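In: Below: sequence and its predicted model.
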Amino acid sequence: MKPNNVNLHYDKISTFPRDEENTEDNVVHAVIETPQKIRHKYAFDEKFGIFMLKHTLASGLEWPYDYGFIPQTLGNDGDPLDILLLQDEPTFPGCLVKARVLGIIRIAKNSVQNDRILGCSVHMPVLHCQRTNITKSMMYRENSSRGCAVS
């Protein structure tokens with residue numbers, strides 16, 4: 001049985017969640033495309049309205065963090081802003097997360113600025129988020145094979 005007009009409406013999700021339980025300025029909505037601890041890389045395909053397998057990492061490698069995008073934004077590469085979420089456990093493709101913005105990782109990919117917003121779920125203890133340590137060498141190893149420069 002085929003579903004009729006399956007369409008995920010990420011265009012209806014606001015960038016900043018504003019409700020009674022969230023009044024922080026540094027919190028955004030994040031839609032997870034690729035969860036951590038797996039080898040597959042997924043990307044949302046607007047044409048089909050579904051997540052598609054983009055590629056698979058080599059044996060022995062896995063994505064170290066949840067990756068996704070911030071709805072209703074636009075980066076220099078023409079795509080929504082990328083977000084990397086530091087979490088203890090993976091989520092799943094399509095999961096909507098309220099994320100506390102911690103900073104930014106500047107990345108140039110094929111001579112185009114393609115920065116990553118760095119964040120963590122608002123449901124994670126703040127102290128844990130503050131203690132997380134990402135080194136430049138970790139980001140370089142992850143992106144060097146893709147023609148990316150980290151600053």
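Out: Structure's in. What do you need?
In: CA atoms for contacts and neighbours, from now on please.
Out: Will do.
In: count of residues packed around V28?
Out: Using other CA atoms under 10 Å, V28 has 23 neighbouring residues.
In: quick one: it from H40, how far?
Out: 25 Å (CA to CA, to the nearest Å).
In: The helix or strand encompassing I117 - what's its average pLDDT?
Out: Using DSSP states H and E, the element containing I117 is strand 116-121. Throughout strand 116-121, pLDDT has a mean value of 92.
In: buried stuff in stretch 84-95?
Out: Applying a neighbour-count criterion of 16 or more other CA atoms under 10 Å, the buried positions in stretch 84-95 are L84, L85, L86, Q87, P90, T91, P93, G94.
In: Pick out the residue closest to the middle of this structure.
Out: Geometric centre of the chain, nearest residue: G68, 2.3 Å, by CA atoms, centre = their mean.
In: For the nearest residue to it once chain neighbours are set aside, pull up the helix or strand it's in.
Out: Closest residue to G68 apart from its sequence neighbours, by CA to CA, 6 or more residues apart in numbering: I32 at 4.1 Å. Counting by DSSP H and E, the element that carries I32 is strand 27-34.
In: Please spell out which residues along that strand are buried.
Out: Here strand 27-34 shows V27, V28, H29, A30, V31, I32, E33, T34 as buried, counting by 16+ other CA under 10 Å.
In: so what does it touch, helix or strand wise?
Out: Packing partners of strand 27-34 (3 or more CA pairs under 8 Å, 6 or more residues apart in numbering; DSSP states H and E): strand 40-45, strand 66-69, strand 96-105.
In: For P125, which of these is the nearest?
Out: P125 lies closest to strand 96-105 among the helices and strands packed on strand 27-34, at 10.9 Å (CA to CA).
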